Structure formats: structure tokens, C-alpha cells
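Student: need a structure here:
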Amino acid sequence: MQTLNRAFNPYKEDQLAKETRAEELRFRKVRQDEGKAGEWKPAADHWFAVKAAPGAQRCPSMREGQNRKGESIIERNLRNEGFEAFMPSYRIEVRHHRQGHWIERRFPTFVGYAFVSIGPDDFRRVEEVNGVSKILRFTTSFEQRPMPFAFPQETIDRLRYIEWEQEQNFMFGRARRQREEELDREQPGRRGKSSSRRIRRAQFTELPGGLASSLQSSSSRVFITETMKTLGNLGGGVE
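Tutor: You can find the predicted model right below:
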């Protein structure tokens with residue numbers, strides 16, 4: 001019980017949720033002013049989810065300090081065909097087991113799925129893009145023809161904010177790790193304290209450990225979990 005209390009404090013979670021919501025509203029206000037005048041923006045019902053082919057979400061690993069775009073295969077292929085794609089993702093750091101340097105790795109938030117902004121005449125073109133298996137469709141009755149499932153712009157905006165939130169958390173963690181390494185070099189006898197925060201949080205969530213630890217607030221974790229269930233129901237389960 002003591003471990004559970006340390007891992008989940010309702011009061012702190014409520015406070016963090018309020019702060020996150022306020023930050024999200026500021027984030028959306030900034031996004032309203034983005035883009036040039038006359039630039040085309042997708043309508044609210046123009047975002048659709050696609051099922052990614054095996055291996056299409058793979059992103060290149062980057063050594064610390066490298067200035068390289070960690071774009072996935074499906075994102076690159078959709079972009080090359082003129083489509084706006086969005087694959088929610090998060091980053092983690094791992095240490096090379098032999099050489100000892102740090103490597104950044106990007107992983108999809110929704111394994112097997114990505115989002116694309118398209119019009120009703122582009123469904124066939126999107127499904128012909130290398131790396132795309134299909135557009136997710138739904139039907140309300142057995143006789144009805146399955147129709148592509150449209151996600152509202154609010155859902156995409158919320159996912160973009162959560163990705164930004166994760167990025168801030170990642171950069172903060174990296175800066176803290178770098179500072180601890182500097183202290184270790186300055187004080188060779190210093191013994192660092194390992195944190196079990198990631199393990200404790202992963203024990204009380206349906207999300208994978210790396211994804212759960214990158215999410216800052218309980219509201220974000222709930223939103224990701226619900227969206228994951230929606231994608232799973234449309235696509236026949238997360239692979």
C-alpha cells in the first residue's frame with residue numbers, strides 16, 4: 001500500500017491535470033496563429049487513421065548530438081506523395097551496450113497506426129502508398145458498406161499537444177541525465193541514485209512502460225488509452 005501511495009497521489013494528479021490543461025490551452029492558442037495567409041488547412045473531418053504495414057513505422061536511431069530527422073518510413077512515403085501525415089510518437093534514450101554512448105530512439109505511440117489528412121477522392125491513392133495497408137473503416141450494420149472513420153481536428157490537436165508534452169519531458173530528462181554525468185566526472189566517488197519512477201508508473205497503467213513514463217499527466221494517459229482502444233476496435237486490434 002505504501003508503494004501505491006507513492007506512485008499515485010490523487011491531489012498531485014489533480015493539480016498536474018489542471019496545469020496541463022492550462023498549458024494545452026496556451027498551446028492551442030499559439031497554433032491558431034500558425035501558417036501563412038491562404039494556406040490550405042484540412043477540414044475537421046479530413047483526418048483518417050491508416051493501418052501501417054509491418055516495419056513501416058521504423059524510425060532511424062540517432063546518436064546524441066546528431067542533427068537528423070527521425071522520420072518513419074510511412075511518414076516519408078506519405079509526404080513524398082503530397083499527403084500530410086501525423087504519427088504520434090515519443091522518444092527515449094538508451095545506452096550503447098559496448099561503446100557507451102547514448103542513442104535516441106523514436107517509437108510510435110500507437111503501434112500499427114498513423115493519421116493522414118486527405119479528401120474523399122484520395123482514399124485509393126493513400127492505400128496505394130508503400131507502407132500503408134488500409135484506411136480504417138467502420139459500419140453500423142451488417143448490410144452497410146464500411147466507410148472510412150473520420151477523426152475530428154480536436155483529436156489531432158490533443159494528440160499533437162501530448163506529443164509536445166512528451167518532448168518537453170524527454171528533453172528535461174536528458175538535461176538531468178547530462179548534469180548527473182557532469183557531477184560524476186567532477187566527483188569520481190559520487191554514487192548516483194537510480195530512479196524507479198518509470199517502473200512504479202508502469203505498474204498502474206495499461207500502457208507500455210516507455211510510453212507511460214513519457215506521459216506527464218493522468219488526463220493524457222487516459223486520452224491515449226481511449227484513442228488506442230478506438231483504433232484497436234476499428235483495425236481489429238493493435239499489433
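
Student: apart from its chain neighbours, what residue comes closest to residue 52?
Tutor: residue 74 (5.1 Å; CB to CB, 6 or more residues apart in numbering). Any C-beta I mention is one placed from the backbone N, CA and C, and that applies to glycine too.

Student: count of neighbours near that neighbour?
Tutor: A count of neighbours around residue 74, defined by other CB atoms under 10 Å, yields 26.

Student: what's the average pLDDT for the strand or helix carrying residue 229?
Tutor: Per DSSP states H and E, residue 229 falls inside helix 218-235. Across helix 218-235, the average pLDDT comes to 91.

Student: which positions in it come out as buried?
Tutor: Residues of helix 218-235 classed as buried by neighbour count (16 or more other CB atoms under 10 Å): 218-221, 223-224, 227-228, 230-231, 234-235.

Student: which residues does the host helix or strand of the residue nearest to residue 52 contact?
Tutor: According to DSSP H and E, residue 74 maps onto helix 73-80. Residues from elsewhere that reach helix 73-80 (CB atoms under 8 Å, 6 or more residues apart in numbering): 50, 52-53, 55-58, 71, 84-85, 87, 114, 116, 126, 129-132.

Student: among these, which lie within strands?
Tutor: Among these, the ones falling in strands (DSSP state E) are 50, 52, 84-85, 114, 116, 132.

Student: quick one, strands of the chain?
Tutor: Going by DSSP E, the chain shows strands at 47-52, 62-63, 84-86, 89-95, 102-108, 113-117, 132-135, 137-138, 147-148, 150-151.

Student: among those, which is nearest residue 162?
Tutor: strand 89-95 (9.1 Å; CB to CB).

Student: to what extent is residue 150 buried, counted in neighbours?
Tutor: Residue 150 has 17 nearby residues by other CB under 10 Å.

Student: and it, how far from residue 48?
Tutor: Distance from residue 150 to residue 48, counting by CB to CB, to the nearest Å: 6 Å.

Student: which strand residues bridge the nearest residue to residue 87 once chain neighbours are set aside?
Tutor: Of all residues not flanking residue 87 in the chain, residue 114 sits nearest, at 4.2 Å (CB to CB, 6+ apart). Under DSSP bridges, the beta-bridge partners of residue 114 are residue 50.

Student: re the thing from before, pull the helix holding residue 229 out as PDB, backbone CA atoms only.
Tutor: Written as PDB, here are the backbone C-alpha positions of helix 218-235 (Å, rounded to 0.1, in the frame of the first residue of the first chain):
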ATOM      1  CA  SER A 218      -3.200  11.300 -15.900                       C
ATOM      2  CA  SER A 219      -5.500  13.100 -18.400                       C
ATOM      3  CA  SER A 220      -3.000  12.400 -21.200                       C
ATOM      4  CA  ARG A 221      -2.700   8.800 -20.200                       C
ATOM      5  CA  VAL A 222      -6.500   8.400 -20.300                       C
ATOM      6  CA  PHE A 223      -6.800  10.100 -23.700                       C
ATOM      7  CA  ILE A 224      -4.100   7.900 -25.200                       C
ATOM      8  CA  THR A 225      -5.600   4.800 -23.800                       C
ATOM      9  CA  GLU A 226      -9.100   5.700 -25.100                       C
ATOM     10  CA  THR A 227      -7.700   6.500 -28.600                       C
ATOM     11  CA  MET A 228      -5.800   3.300 -28.600                       C
ATOM     12  CA  LYS A 229      -9.000   1.400 -27.900                       C
ATOM     13  CA  THR A 230     -10.800   3.200 -30.700                       C
ATOM     14  CA  LEU A 231      -8.000   2.300 -33.200                       C
ATOM     15  CA  GLY A 232      -8.000  -1.300 -32.000                       C
ATOM     16  CA  ASN A 233     -11.700  -1.600 -32.500                       C
ATOM     17  CA  LEU A 234     -11.500  -0.200 -36.000                       C
ATOM     18  CA  GLY A 235      -8.400  -2.000 -37.000                       C
END
